[in-house]
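Visitor: need a structure here:
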Amino acid sequence: MLKGCEAKRRSSCQKQPHFHDRFGTIIVPTPATDRKLPRASSSMTKKPRSTVQAADPFSDEFHRLLGRLVHAIARFDFNVGLQLNWLGPHCQQDVSELLTARQARLGDRLKKLEVLIMDVYEPAGPKALAEFSAWFENAHQARALRNDYAHGRWGVPGKYKFKPPGRLIDAEPLLVFVPLQWDMSPDRVDDSISMTIEEFAAQVHDAESLFNAYWQLCQRYIAHAKPRRPFEPV
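Guide: So this is what the prediction gives:
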């Protein structure tokens, strides 16, 4: 009788989720015993350690400013193209080759725009032309700066400016820029440039306000600009 009951109990347990304790006794989980079920090891369920570096305010600010510089020059290039697209027909000049994406360069567009602007605003006089000339010089510098900064190497920070008593915790971090080059000779000239994050931010601000300065010049002397030239058939 007891053997039959035991066999029936074992058969019933085999149809349900169960486990054996250390003595070999079959245990069927119940609400009371479920809390005692073996759990997966915490080491098996532990999430992998994140590879993301801890936040670095200095590095974050540098990359934010560098992104703003690249965006500012891209927007500036677009606006220069729009000016050529208007001034070309205005002066009866073919500028289509300079407006071919991925073929013509911003430097070439600036050179052509300068020729057209100097012609259109020539009646405004020497002072106006000198202001336009100074603006184009700044524009070329900003273009070259963007190209160098985007392709060169950066130390973020590259060095520190120490203050008395010379502790690292009191030192000011500096950006160090190295133009792109492959001269590895030990006696090469050190062409690296050091700057504070504030100095870099000022350069970015100048690039962002570049086209606005051009537009203000155009509006200041618009009354002296030459009218659109009539179409002259070849």
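Visitor: how far does the lengthiest helix in the chain sit from the chain's center?
Guide: Ranked by residue count and defined by DSSP state H, the top helix of the chain is helix 57-90. Relative to its chain's centre, helix 57-90 lies at 12 Å (C-alpha atoms, centre = their mean, to the nearest Å).
Visitor: helices or strands next to that helix in the packing?
Guide: In this structure, helix 57-90 makes packing contacts with helix 106-120, helix 126-151, strand 153-161, helix 197-208, helix 210-220, judged by 3 or more C-beta pairs under 8 Å, 6 or more residues apart in numbering; DSSP states H and E. Where C-beta positions appear, they are placed from N, C-alpha and C, glycine not excepted.
Visitor: What residues of it count as buried?
Guide: Along helix 57-90, the positions that meet the burial threshold by neighbour count (16 or more other C-beta atoms under 10 Å) are 62, 65-66, 69, 72-73, 76-77, 80-81, 83-84, 87-88, 90.
Visitor: by how many degrees do it and helix 126-151 diverge?
Guide: 130 degrees (axes from the mean of the first three to the mean of the last three C-alpha atoms, to 10 degrees).
Visitor: angle of helix 57-90 against strand 153-161?
Guide: Here helix 57-90 runs at an angle of 130 degrees relative to strand 153-161 (the same axes, to 10 degrees).
Visitor: just checking, Leu217 touches Glu131?
Guide: Yes: counting by C-beta atoms under 8 Å, Leu217 sits close enough to Glu131 to count as a contact (5.8 Å).
Visitor: Model confidence at Arg75, what's the number?
Guide: According to the model's per-residue confidence, Arg75 sits at a pLDDT of 95.
Visitor: Grab the nearest non-local neighbour of it.
Guide: If the residues on either side of it in the chain are set aside, Arg75 comes closest to Phe211, at 7.5 Å by C-beta to C-beta, 6 or more residues apart in numbering.
Visitor: That neighbour and Ala139, how far apart?
Guide: 9 Å (C-beta to C-beta, to the nearest Å).
Visitor: what do you get for Ser209?
Guide: Distance, Ser209 to Ala139, using C-beta to C-beta: 12 Å.
Visitor: which of the two has more neighbours?
Guide: For the pair Ser209 and Ala139, the greater number of neighbours falls to Ala139 (23 against 12), based on other C-beta atoms under 10 Å.
Visitor: hang on, that one packs against Leu210?
Guide: Yes: the pair Ala139 and Leu210 passes the contact test of C-beta under 8 Å, sitting 6.1 Å apart.
Visitor: okay, and the common contacts of the two?
Guide: When contacts are counted by C-beta atoms under 8 Å, 6 or more residues apart in numbering, Ala139 and Leu210 have Phe76 as shared neighbours.
Visitor: Model confidence at the residue most central in space within the chain, what's the number?
Guide: Closest to where the C-alpha atoms of the chain average out (C-alpha atoms, centre = their mean) is Gly67, at 2.9 Å. pLDDT for Gly67: 94.
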